[in-house]
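A.B. asks: can you look at this prediction? I've put the sequence above it.
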Amino acid sequence: MTWFKREAHEISPTPDHEVRTEGLWIKCEQCRKPLWKADLDANLQVCPNCGKHFKFSARERIALLLEPGYELVDLDLRSTDPLEFTDLKPYKARLAAARKSTGLNDAILNAVGNIGEQPAILSVMEYSFIGGSMGAVMGETIARAIDRSLDSRTPLIVVSSSGGARMMEGIASLMQMAKVSAGLARLDDARIPYISLMTDPTFGGVTASFAMLGDLNIAEPGALIGFAGPRVIEQTIRQKLPEGFQRSEFLLEHGFLDAVVPRSQLKSYLEQTLRWMTQSRSTESHQPA
């Protein structure tokens, strides 16, 4: 059987040997080079040409950082529609669509496991769920991670990827900034390490609260981090912003971050950091008053 046959003076693939290329290639937004999707997947969603870090799902992030055998927890929380909000479409419809497309109940996952030999609790945001926006469920999920961290005296890592507060929940969303920040203050009083990892993008009320409250604030290369977007700022101050403004490298240079860590090095970096932090805490606790 031949692979091709001539029809109306054109060569086309026969039905049983259809050639498909759709979805196999994508173009890098930064270097504009075509990328074989399988190569991008094998490289942790990082462009092998220019190093651009593409978005990483919450499940992929947890699988990358934690050893096999980790446990997903706090999966039963679901957003409601307290304001019966409608813009272009009802909020309930947006929630239903996001749940169907992501398989999650909301824009965050909690996991308990080990990074190398170091125990850790992770709260990881999912940007594909309504832009990773922070609603009441996200606030409660992180609060539960904080409580679990306090109870077990296990370090907490929050991985942020968010457009900010979820406007469809109004004041209930904004209250999460204070709720989570108060919980992190309890962690600080208990001298339990909290690491904040910011990825592209991290904005709005998330940046203005818990994302910048880490004992260690780190980010992936090229991550856009801020409160308002660059275009909004330029329109407000009527000035052109510096090159790379709000990118993680710019923030590191100006003292807003402690480190910028490539995705391929994150696990080893976090393991080493947790080892140092927990050893330091143990040493301090045994010092005489």
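C.D. replies: Done, it's in.

A.B. asks: and M198, that one's in a strand?
C.D. replies: Yes: if the criterion is DSSP: H, G, I helix; E, B strand; the rest coil, then M198 is within a strand.

A.B. asks: let me see the contact set for L83.
C.D. replies: Remark: with contacts taken as C-beta atoms under 8 Å, 6 or more residues apart in numbering, L83 is in contact with Y91, M168, E169, G170. Where C-beta positions appear, they are placed from N, C-alpha and C, glycine not excepted.

A.B. asks: got a PyMOL select line for the buried ones in those?
C.D. replies: Under the burial definition 16 or more other C-beta atoms under 10 Å, those of those that qualify are selected in PyMOL by:
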select buried, resi 91+168+169
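
A.B. asks: which one among the contacts of L83 gets closest to Y194?
C.D. replies: Top of the list for closeness to Y194, among the contacts of L83 and by C-beta to C-beta, is E169 at 24.9 Å.

A.B. asks: okay, now the residue nearest to the closest one when sequence neighbours are not counted: neighbour count?
C.D. replies: Spatially, and ignoring its direct neighbours in sequence, E169 is nearest to G135 (4.6 Å; C-beta to C-beta, 6 or more residues apart in numbering). Other residues within reach of G135 by the criterion other C-beta atoms under 10 Å amount to 26.

A.B. asks: can you report phi and psi for Q272?
C.D. replies: phi -60, psi -40 (degrees, to the nearest 10).

A.B. asks: how close does R78 get to H254?
C.D. replies: In this structure, R78 and H254 are 40 Å apart, going by C-beta to C-beta, to the nearest Å.

A.B. asks: tell me which element L122 is part of?
C.D. replies: Secondary structure from DSSP states H and E places L122 in strand 118-125.

A.B. asks: specify the local secondary structure of I171.
C.D. replies: Taken by three-state DSSP, the conformation at I171 corresponds to helix.

A.B. asks: so how many other residues sit close to it?
C.D. replies: Using other C-beta under 10 Å: I171 sits among 9 other residues.

A.B. asks: distance of it relative to L35?
C.D. replies: For I171, the distance to L35 equals 43 Å [C-beta to C-beta].

A.B. asks: mind listing what's buried along stretch 113-121?
C.D. replies: Within stretch 113-121, the residues that qualify as buried by neighbour count (16+ other C-beta under 10 Å) are G113, N114, I115, G116, Q118, A120, I121.

A.B. asks: ok, which pair from those is furthest apart?
C.D. replies: Using C-beta to C-beta, the two most remote members of those are G116 and I121, lying 14.9 Å apart.

A.B. asks: who are the contact partners of the residue sitting nearest the centre point of the chain?
C.D. replies: For the chain, the residue whose C-alpha lies nearest the mean C-alpha position (C-alpha atoms, centre = their mean) is S161; its distance is 3.5 Å. The contact partners of S161, by C-beta under 8 Å, 6+ apart, come to K55, M125, E126, Y127, G132, T199, D200, P201, T202.

A.B. asks: need the three-state assignment for it.
C.D. replies: S161, by the three-state scheme (three-state DSSP), is strand.

A.B. asks: now it: how far from L197?
C.D. replies: When distance is defined by C-beta to C-beta, S161 is 9 Å away from L197.
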